[in-house]
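*Asks:* pasting the sequence and the predicted model now:
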Amino acid sequence: MFRISSWICALLILASFSHAQADSGELVKAYKREFAFLAAEKAALAKRIGSLKGETEQKTAAAKAEVDQLQGAVMRTAVESERLEQMLSEVENAAENVQEGTEAVSQTLERVASILEKQGVELPEPPGEADKGNPQGLELAQLQKAMPLALSALRAENAVHVDKGPFFAPDGTRREGTIVRVGGIARYAATDGAAGALAPAGPGRLKIWPKSTHPEVARALADGKQPDHLEVFLFETLDKDVEQQQDKTALGIIKAGGSIAWVIVGLGVLAGLMIVLRTVMLLLLAANTERLVNRITPAVQSGEIDKAVAICRKSQSSAGRVLRATLENLDRQREHLEDIVSESILHETPQLDRFASTIMVMAAVAPLLGLLGTVTGMISTFDVITEFGTGNPKLLSGGISEALITTELGLIVAIPALLLGNLLSGWSEGIKDDLDKSSLRITNLATGIRVSEASMRPPAPATKATDVSPVAS
């Protein structure tokens with residue numbers, strides 16, 4: 001039984017093995033068919049890639065050729081553009097030259113017309129063959145016809161002519177007399193009571209120049225003589241009046257500065273007066289101090305303190321009062337005496353510093369007033385510009401003068417006041433130091449201390465107080 005079962009199992013195993021071999025053969029065949037299909041696909045793709053590569057190379061070559069063609073066209077276009085730009089520049093230069101020539105012709109024609117007008121000659125009409133539709137050609141033809149007349153007029157104008165005609169005397173009266181015309185740049189006039197160089201006085205009118213100091217020159221020319229020297233007033237045209245420049249005076253400058261200028265001037269005068277008064281006061285105080293010390297020194301050295309006090313009482317000055325206080329308190333302790341002297345000097349300080357602060361305030365206020373005048377002057381100038389414009393400079397000169405003059409006056413007052421005020425303050429401090437030194441000198445003389453001897457003594461111990469006893473008078 002066991003053996004039969006074993007044979008059956010062996011047969012089953014052989015059957016299953018045979019079936020497996022049959023299945024593996026089918027799988028191999030399937031793999032081979034798939035491999036063959038993939039190989040065919042690969043070959044087709046390789047062929048297609050080759051064809052596409054060839055097409056791409058052909059298109060690339062065509063594109064390069066087209067790019068080269070376009071670059072050549074661009075270069076040709078750039079060269080043509082440069083040529084056209086150069087031609088345009090030449091055309092523009094030619095047009096500018098034509099325009100300048102046209103303007104030169106027009107200006108020359110206007111100048112010729114003015115020359116002929118001075119001679120009473122009208123500008124001639126252009127010739128009949130001139131092109132009426134060409135304004136530039138018409139002006140050129142007219143200029144060619146008028147140029148000979150202008151040259152002859154200039155030759156006549158440049159000569160010296162003696163005529164009779166009207167002019168204005170320095171007092172403003174109209175006179176008739178001999179007028180000597182020297183070309184177109186100078187005139188002389190001579191008549192009874194008035195002679196001299198002439199200057200333009202408006203459209204076509206003449207006046208004797210007020211600053212003409214040699215009337216004999218005009219009389220000699222009128223008589224046909226040749227003077228030793230010529231006093232000439234040259235002018236360009238008779239159309240504009242030539243005004244005489246007024247000489248500037250201090251009063252005129254102040255008036256041009258307006259009301260603020262008067263305030264600054266008044267401030268300056270007051271500051272100057274205070275500086276003079278303070279200078280005189282300090283001179284007297286400085287002189288009295290030195291002189292008074294020299295007068296009382298012998299009395300103090302001889303011990304006559306009462307006599308020295310009497311001399312100081314008669315002085316009636318700051319030095320006299322300080323030295324009298326020193327002499328009257330010689331019997332006190334040295335520290336107390338120094339306090340008394342310092343108090344006396346403090347009492348005299350208001351007199352020594354009189355007007356000092358006022359002068360410095362004026363020195364500070366003066367430029368501020370000048371700045372105020374500058375602001376008001378500029379406001380006036382802008383008001384005139386708003387109403388009349390900027391065509392007439394004379395209308396603007398008033399505000400500008402006020403603006404600049406007040407600043408100038410403010411600085412003229414401030415700078416000397418500041419410098420002198422500081423110098424006087426330093427002088428006052430020096431006088432205070434002199435009062436202190438004089439008091440110390442009198443104290444040392446009265447107490448018998450000699451500076452040279454005191455400087456040779458060894459210093460006193462720190463724990464021991466030094467007391468200088470006064471010498472009995």
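*Replies:* That came in fine, so what should we check first?
*Asks:* mind listing the helices in the stretch 1-150 of the chain by residue range?
*Replies:* Assigned by DSSP state H, counting those that start in this stretch, the stretch 1-150 of the chain shows helices spanning 2-118, 135-157.
*Asks:* between those helices, which has the poorest mean confidence score?
*Replies:* Confidence, taken as mean pLDDT, is least for helix 135-157 of the helices of the stretch 1-150 of the chain (a mean of 66).
*Asks:* lowest average confidence, helix or strand, in this structure?
*Replies:* Least confident helix or strand, the chain: helix 451-456 with a mean of 38, by mean pLDDT, DSSP states H and E.
*Asks:* was I right about residue 270 contacting residue 365?
*Replies:* No. Under the criterion of CB atoms under 8 Å, residue 270 makes no contact with residue 365, lying 11.0 Å away. All C-beta spots, glycine's among them, are computed from the backbone N, C-alpha and C.
*Asks:* the more surrounded of the two?
*Replies:* Neighbours around residue 270 and residue 365, counted as other CB atoms under 10 Å, are more numerous at residue 365. The numbers are 18 against 15.
*Asks:* which secondary structure element contains that one?
*Replies:* helix 356-388 (DSSP states H and E).
*Asks:* for the record, mean pLDDT for that helix?
*Replies:* 86.
*Asks:* what's it packed up against?
*Replies:* helix 258-301, helix 393-447 (3 or more CB pairs under 8 Å, 6 or more residues apart in numbering; DSSP states H and E).
*Asks:* how about that helix: buried residues?
*Replies:* Using 16 or more other CB atoms under 10 Å as the test for burial, helix 356-388 gives 356, 359-360, 362-363, 365-367, 369-370, 372-374, 376-377, 380-381, 384.
*Asks:* with stretch 336-347 instead?
*Replies:* 337-338, 340-341, 344-345.
*Asks:* CA-only coordinates of that stretch in CSV, if you can.
*Replies:* Extracted in CSV, the C-alpha atoms of stretch 336-347 (Å, rounded to 0.1, in the frame of the first residue of the first chain):
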residue,chain,number,x,y,z
HIS,A,336,39.1,143.6,57.4
LEU,A,337,41.1,146.4,55.7
GLU,A,338,41.1,144.5,52.4
ASP,A,339,37.4,144.0,52.6
ILE,A,340,36.9,147.8,53.2
VAL,A,341,39.1,148.6,50.2
SER,A,342,37.2,146.1,48.0
GLU,A,343,33.9,147.7,49.1
SER,A,344,35.2,151.1,48.3
ILE,A,345,36.3,150.0,44.8
LEU,A,346,32.8,148.4,44.3
HIS,A,347,31.2,151.8,45.2
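*Asks:* quick one: mean pLDDT for that stretch?
*Replies:* 80.
*Asks:* okay if I get the helices and strands packed on helix 356-388 as a markdown table plus distance to residue 330?
*Replies:* Output for the helices and strands packed on helix 356-388, formatted as a markdown table (distance: least, CB to CB, whole Å):
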| stretch | distance to residue 330 |
| --- | --- |
| helix 258-301 | 9 |
| helix 393-447 | 5 |
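*Asks:* of all these, which lies closest to residue 309?
*Replies:* helix 258-301 (8.6 Å; CB to CB).
*Asks:* can you list contacts of stretch 311-330?
*Replies:* 284-285, 288-289, 292-293, 295-296, 299-300, 305, 308-309, 336-337, 340-341, 343-345, 347-348, 351-352, 431, 435, 438-439, 442-443, 446-447, 470 (CB atoms under 8 Å, 6 or more residues apart in numbering).
*Asks:* which of these are buried?
*Replies:* Buried by 16+ other CB under 10 Å: 285, 288-289, 292-293, 296, 299-300, 305, 308-309, 337, 340-341, 344-345, 348, 352, 431, 435, 438-439, 442-443, 446, 470, out of those.
*Asks:* you'd agree residue 403 is up against residue 372?
*Replies:* No. Judged on CB under 8 Å, residue 403 makes no contact with residue 372 at a distance of 10.4 Å.
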